[in-house]
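Asks: sequence? don't have it. structure:
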């Protein structure tokens with residue numbers, strides 16, 4: 001007769017796990033809404049700057065949720081700007097995103113990788129600012145770009161030799 005208690009115990013455990021949902025919290029609160037600039041603080045840098053043309057640099061971007069729980073689902077939007085020229089930075093080739101839920105106070109990061117271009121070269125984008133947006137939201141925030149010119153792909157300054165990584169949970 002031991003089979004019945006084990007079966008009941010296993011069934012109860014399975015039901016308890018499925019009741020938790022993907023977040024493991026056991027509740028269906030409004031933690032599925034997209035994170036938004038203004039409700040999430042954004043900090044750019046400090047960077048690992050590319051010292052010379054042809055070198056690669058990394059610019060970390062940190063987010064901290066200041067509001068109700070929210071979700072990052074997709075890639076961050078990043079645009080480099082130089083005067084009247086704007087260039088969208090594409091996602092890393094082959095990178096896959098996962099939904100990342102942020103409770104109030106939780107943090108996440110992503111990185112902008114770039115190849116330093118030659119200053120004054122028409123094939124480089126002399127970026128002066130970077131604009132960041134979050135997936136599922138139209139709000140943006142701009143920051144100074146202090147990391148030098150960005151090389152263009154195929155000789156086109158409008159196609160920066162740069163990529164954006166996926167979001168990663170930060171902290172504990």
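Replies: Cool, got the structure. Since the model is a prediction, treat every value here as computed from it, not as a measurement. Numbers count the residues shown, from 1 in each chain.

Asks: which stretches of the protein aren't confidently modelled?
Replies: 1-32, 172 (pLDDT under 70).

Asks: give me that answer again for 50
Replies: Across the chain, the ranges flagged by pLDDT under 50 are 1-31.

Asks: For it, which segments count as helices?
Replies: Counting by DSSP state H, the chain has these helices, from start to end: 3-19.

Asks: Which parts of it are strands?
Replies: With DSSP state E as the criterion, the chain has strands at 40-44, 56-65, 70-72, 77-82, 85-88, 100-102, 107-115, 124-125, 129-133, 140-144, 150-153, 156-160, 162-164, 168-170.

Asks: so which of those strands gets nearest residue 33?
Replies: Closest approach to residue 33 among the strands of the chain is made by strand 70-72 (5.5 Å; CB to CB). The C-beta positions use only the backbone N, C-alpha and C, and glycine is treated the same way.

Asks: Show me the contact partners of that closest one.
Replies: Under the criterion CB atoms under 8 Å, 6 or more residues apart in numbering, residues 31-36, 39-40, 63, 99-102, 108, 134-136, 167 lie in contact with strand 70-72.

Asks: at 10 Å what do you get?
Replies: 23, 30-36, 39-40, 63, 65, 97-104, 106, 108, 110, 134-137, 166-167, 169 (CB atoms under 10 Å, 6 or more residues apart in numbering).

Asks: starting at the chain centroid, how far to it?
Replies: Computed by CA atoms, centre = their mean, to the nearest Å, the chain-centroid distance of strand 70-72 equals 11 Å.
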